[in-house]
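Visitor: One predicted model, sequence on top.
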Amino acid sequence: ALPISTIFFVSGPAVVATMASACPLGHGKAAAEVPPVSSGGSASSSCPLGHTAADASKTLSGEREVSTIPSADGSPFMYPSERQFFGSATAKGHELDPKDMSMVIAIHNAVNEKTWQEILKYERLHSQECADSKLIRFLGRPGELSPKARFTSFLGRTLPFDRHDWHVDRCGTHVRYIVDFYDGKQSPDHPVSIHIDARPEVSWGGLRDRFTMWARSLNIF
């Protein structure tokens, strides 16, 4: 496997494994291209407030954290608040304990930040042509296996619990990244462990970048 994957550990109590697909980076519509809300966007956001378990959500925070991920207009994306995330997740049938929401949000935001950093490793290969890549949007595709995930499952690897397609603007060039999220190996110090496998889509440019990253890991150049 190409060595762009990373194991990302988060300390804290274990939470539901489906939390990453409940409302990633602010959008809550699986299999629909909905852009996350930037700092200048509407407060309603594209991670809709659910009406299920409304009483429980009233006790949750409505504050939203600013991400380090630049949107197409340059402003940073905003993460959903505890209340927004809880409403979206419960509306989809996920069972969440309101008491866990602060940790769920912390893990959710940290995973998205780490995913962006993994994408930037590839984008830095093109820093001379574009030093300021931006996230256009991303598409949550839970249940849809990427070709790599399907192939490695035949070799005995477990299936990812979620998949995203991240669409990046490389100074006018559209680039799609495939991101698979796997349950990592837990330990007493890291009860929540998520394996992030981010790489450009299969194209001439994407394959070239994958090979370059692989070659660099071998210290060939």
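Guide: Received it, and whenever you're ready, just let me know what you need.

Visitor: quick one, phi/psi of P80?
Guide: Torsion angles at P80 (phi, psi; degrees, to the nearest 10) stand at phi -70, psi 150.

Visitor: Give me the below-cutoff pLDDT ranges for this structure.
Guide: 1-57, 186, 189-191, 220-221 (pLDDT under 70).

Visitor: Run a quick neighbour tally on D197.
Guide: D197: 22 surrounding residues under other CB atoms under 10 Å. Placement of C-beta: from N, CA and C, glycine included.

Visitor: any idea which element it lies in?
Guide: strand 192-200 (DSSP states H and E).

Visitor: Check which residues of the helix or strand that comes right after that strand are buried.
Guide: Downstream of strand 192-200, the next assigned helix or strand under DSSP H and E is helix 204-217. Burial within helix 204-217, assessed by neighbour count using 16 or more other CB atoms under 10 Å, is assigned to 206, 209-210, 213.

Visitor: Quick check: the farthest pair among those residues?
Guide: The distance between the two most remote of the buried residues of helix 204-217 (CB to CB) is 10.8 Å, for G206 and M213.

Visitor: re earlier: nearest to E123 among the buried residues of helix 204-217?
Guide: For the buried residues of helix 204-217, the nearest to E123 is D209 (9.1 Å; CB to CB).

Visitor: tell me the contacts of the closest one?
Guide: 122, 125, 200 (CB atoms under 8 Å, 6 or more residues apart in numbering).

Visitor: what does G62 give?
Guide: By CB under 8 Å, 6+ apart, the neighbours of G62 are 81-84.

Visitor: Counting by contacts, list what the strand holding D197 packs against.
Guide: Packing partners of strand 192-200 (3 or more CB pairs under 8 Å, 6 or more residues apart in numbering; DSSP states H and E): strand 6-10, helix 101-123, strand 173-183, helix 204-217.

Visitor: Alpha carbons of stretch 149-166, in CSV - could you do that?
Guide: Output in CSV follows, covering the C-alpha atoms of stretch 149-166 (Å, rounded to 0.1, in the frame of the first residue of the first chain):
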residue,chain,number,x,y,z
ALA,A,149,-10.9,-0.4,-0.1
ARG,A,150,-12.7,-3.1,-2.0
PHE,A,151,-9.4,-4.6,-3.3
THR,A,152,-7.7,-4.6,0.1
SER,A,153,-10.8,-6.3,1.7
PHE,A,154,-10.1,-9.3,-0.6
LEU,A,155,-6.7,-9.4,1.0
GLY,A,156,-8.2,-9.6,4.5
ARG,A,157,-8.3,-5.9,5.5
THR,A,158,-11.3,-4.7,7.4
LEU,A,159,-13.7,-2.4,5.5
PRO,A,160,-13.7,1.4,6.2
PHE,A,161,-16.5,2.7,8.3
ASP,A,162,-16.8,5.8,6.2
ARG,A,163,-15.7,7.4,2.9
HIS,A,164,-15.5,11.0,1.7
ASP,A,165,-14.6,12.6,-1.6
TRP,A,166,-12.8,15.9,-1.0
